[in-house]
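In: sequence plus the predicted model coming up.
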Amino acid sequence: MSATPFADLNALAAHLRQELENKKFILLYGYNGTGKTRLSTAFKDLGKQEDARDTLYFNAFTEDLFFWDNDLKNDRERVLKINRDSRFFAGLEELEMDNRIRPLLNRYADFDFKIDTDDWEVSFSREIQNGDRLETVDDIKISRGEENIFIWCFFLAIVQLVLDKAEAYKWVKYIYIDDPISSVDEHNAIVVANHLVQLFRDTPNQLKIVISTHHVLFFNVLSNEIKNLLSTRDFPQYYLSRSRKSVDYLLFRQKSDTPFFHHVAALVQLYEAAQSENIYTHHFNTLRSILEKTAVFHGYGHFSSCIKKDPNDADGILYQRFVDLLSHGKYSLYEPQEMGDETKSYFHKILNEFLVRYPFNPALFPSKPEKAPTS
């Protein structure tokens, strides 16, 4: 598969803008570390001229527009502060954002909120059952995952204002979304992708959209949903990579709804999660997917062939049971369940032995074992 090289992210961002002159959507896949977030920033910066802007974007920097005041003195009135200087919040004071965000948030979360437009802060509450009474606990500190969901729903409410042609957001010509939700299980990846495309169903023709992600299933659902929305398979889908021989960025044109080399990208993500010990139960789903694709490539009938030395391999049989049991769970969108220490230990063993048995480019896995473990 041929690739188009770009010397830097500005050149790549300019190329995407040129493509959008004749296209409505661009879908981009790239695993973490390839420059997706920096590309979204470069794309946004190309549209800045003095005080003028043309891109509403969601990426890791969007989350930095919100920051916590944890009331360290009293440890009681905890609020999420809002950066009032950002044009992201152009219509906050007059557009009743509470009522716009709440229906979106109710899809995913069980907490409520209130936006104070005088002090530019958000307070959160949750109803709890106390005996036979339902009580409201105010000024709670929500989890990091819940905070991400709230910010995502805040963004979606602003997108709706753009689609409604609200005066405060008439400057928006492009919407650029980079990895809206991290660490989601398969079900919620489908829900978020479907909801996002439904939101764009009645998008004005002059509004252009770029979505980038490292999540394979999210990419797959978006690809199929956009094709159905446009009634055509002809829209730009790309795989983004970095050249290891130069500083070039490489853009591969996708012809299917499954990202090119996605199994390698997913394996790198699993490896990085294992190295950092940030391992959650949904990672077993990804591991199983990689095992199944490897088994098909090598002509095996079942993924267990990739983790068992022979039919009587006791460790391999145990590993298969772990993968079977832990790749069929139901996981929370905003509170992914971390593995226990024993389960983490088995995850490490299965992943490390797989990497030894099926060698990939060692530059991708700098600390993996050099040789197969002895039993």
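Out: Received it, and whenever you're ready, just let me know what you need.

In: let me know the secondary structure of residue 347.
Out: Secondary structure, DSSP: H, G, I helix; E, B strand; the rest coil: residue 347 is helix.

In: per-residue confidence at the residue nearest to it when sequence neighbours are not counted?
Out: In this structure, residue 347 finds its nearest non-sequential neighbour in residue 279, 5.8 Å apart by Cβ to Cβ, 6 or more residues apart in numbering. C-beta coordinates here come from the backbone N, C-alpha and C atoms, glycine included. Looking at residue 279, its pLDDT reads 80.

In: and residue 279, how many residues sit next to it?
Out: Burial of residue 279 is recorded as 19 neighbouring residues (other Cβ atoms under 10 Å).

In: quick check: residue 214 touching residue 36?
Out: Yes: between residue 214 and residue 36 a contact is recorded at 7.0 Å, counting by Cβ atoms under 8 Å.

In: who touches both of the two?
Out: By Cβ atoms under 8 Å, 6 or more residues apart in numbering, residue 214 and residue 36 have these common neighbours: 30, 179.

In: quick check on the nearest residue to residue 4 once chain neighbours are set aside: phi, psi?
Out: In space, and not counting its chain neighbours, residue 4 is closest to residue 251: 4.8 Å by Cβ to Cβ, 6+ apart. Here is the backbone geometry of residue 251 (degrees, to the nearest 10): phi -120, psi 110.

In: OK, contacts around residue 251?
Out: Residues in contact with residue 251 (Cβ under 8 Å, 6+ apart) are 3-6, 12, 15, 238-240.

In: again, but for residue 144
Out: Contact partners of residue 144, counting by Cβ under 8 Å, 6+ apart, are absent.

In: try residue 14
Out: Residue 14 sits next to residue 46 when contact means Cβ under 8 Å, 6+ apart.

In: that one should be in a strand, yeah?
Out: No: assessed by three-state DSSP, residue 14 does not belong to a strand; its assignment is helix.

In: do you know the pLDDT at it?
Out: 97.

In: then residue 69?
Out: 91.

In: pLDDT on the host helix or strand of residue 43, on average?
Out: Assigned by DSSP states H and E, residue 43 falls within helix 36-46. Helix 36-46 shows a mean pLDDT of 94.

In: mind listing what's buried along that helix?
Out: Of the residues in helix 36-46, 36-44, 46 count as buried by neighbour count, 16 or more other Cβ atoms under 10 Å.

In: can you redo those residues as TSV with distance to residue 287?
Out: Shown next, in TSV, are those (distance: Cβ to Cβ, whole Å):
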residue	distance to residue 287
36	23
37	25
38	29
39	28
40	29
41	32
42	34
43	33
44	35
46	39
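
In: show me which of these is closest to residue 220.
Out: Using Cβ to Cβ, residue 36 is the member of those that lies nearest residue 220, at 17.0 Å.

In: and that closest one, how far from residue 60?
Out: Relative to residue 60, residue 36 is positioned 10 Å away (Cβ to Cβ, to the nearest Å).

In: equivalent analysis for residue 134, please.
Out: Counting by Cβ to Cβ - residue 134 and residue 60 are separated by 37 Å.

In: ok, residue 166 next?
Out: Taken as Cβ to Cβ, the span from residue 166 to residue 60 is 26 Å.

In: got a list of contacts for the next helix or strand after the helix holding residue 43?
Out: Proceeding N to C from helix 36-46, the next assigned helix or strand is strand 55-58, under DSSP H and E. Residues from elsewhere that reach strand 55-58 (Cβ under 8 Å, 6+ apart): 40-41, 43-44, 47, 88, 152, 155, 158-159, 162, 169, 172-178, 180.

In: buried sites along the strand or helix carrying residue 356?
Out: For residue 356, the host element (DSSP H and E) is helix 341-357. Judged by neighbour count using 16+ other Cβ under 10 Å, the buried positions of helix 341-357 are 343, 346-347, 349-355.

In: how about a markdown table for those residues, with pLDDT added?
Out: Compiled in a markdown table, the buried residues of helix 341-357 are given as follows (pLDDT from 0 to 100):
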| residue | pLDDT |
| --- | --- |
| 343 | 83 |
| 346 | 85 |
| 347 | 86 |
| 349 | 87 |
| 350 | 87 |
| 351 | 88 |
| 352 | 86 |
| 353 | 86 |
| 354 | 87 |
| 355 | 85 |
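
In: which among those gets closest to residue 103?
Out: Distance to residue 103, by Cβ to Cβ, is smallest for residue 343 among those, at 36.9 Å.

In: so who does the closest one touch?
Out: The contact partners of residue 343, taken as Cβ under 8 Å, 6+ apart, are 281, 322, 326.
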